[in-house]
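Asks: Show me how the following folds:
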Amino acid sequence: MNRTQEKVKNQSEAAAKLAALPIANRHAAGIDVGDRTHWVCVEATPDRSILIREFPAHTPGLHQMVEWLQFCGVTTIAIEATGVYGHVLFLTLLEAGFHVVMTSAKFARQIQGRPKTDKLDCQWLQRLHRHGLLPAVFQPDDLTQTLRISLSTACSIVRLPKIFCSKLFDASIASTSRTPANMT
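Replies: Model (predicted):
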């Protein structure tokens, strides 16, 4: 047996072990978050259509996603987000009444059998979430989030005059160094 065949066999065995685990979250979905699009996987659809869909990351796309998830009867969602793109999606899903688990990509990568394509990441997340294998990462509550935004804004306001003065000083040095000697 060559290395490729052995790797496929190991992945198949790991996937079979995962499928044999008890179900912890019925009606679960998995979302792989991107900067332009989000890939979403559900367990089943009422009209037996495709289980994996791609939605644009802009606001109308998020609303389409919420409508589709509600249509599919989803109650809990796992989101894999490594950047800021997942925060708006997280809040949108919470407002729509879903139970949302934000997880780190490193948790999903630790479990054997994971597919290596971006499109199938959402399916892998859905499977792991269905069996309760994804821990949530910290998400601040509304008060903490408001405090973080306020502090960030205050720090920016304090830094701006310093940056402005520094640029003015640099500009004045640059303008005096270009002044001809006979004009001073």
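
Asks: Let me see the ranges of the helices in this structure.
Replies: Applying DSSP state H to the chain gives helices spanning 3-20, 59-71, 85-95, 105-109, 118-130, 142-177.

Asks: so what does the last one touch, helix or strand wise?
Replies: Right, helix 142-177. Applying 3 or more Cβ pairs under 8 Å, 6 or more residues apart in numbering; DSSP states H and E, one finds that helix 142-177 makes contact with no other helix or strand. Heads up, the C-betas are built off the backbone N, CA and C, glycines and all.

Asks: what pLDDT does residue 144 get?
Replies: In this model, residue 144 is scored at 77, pLDDT.

Asks: Show me the shaky parts of this protein.
Replies: Judged by pLDDT under 70, the chain has its weakly predicted residues at 1, 7-8, 10-12, 14-20, 82, 106-118, 138-140, 164, 168-169, 172-184.

Asks: do you know which of the helices of the chain lies nearest residue 35?
Replies: Taking Cβ to Cβ, helix 85-95 is the member of the helices of the chain nearest to residue 35, at 5.3 Å.

Asks: and the closest one, what other elements does it pack with?
Replies: Under the contact criterion of 3+ Cβ pairs under 8 Å, 6+ apart, helix 85-95 touches helix 59-71, strand 76-80, strand 99-103.
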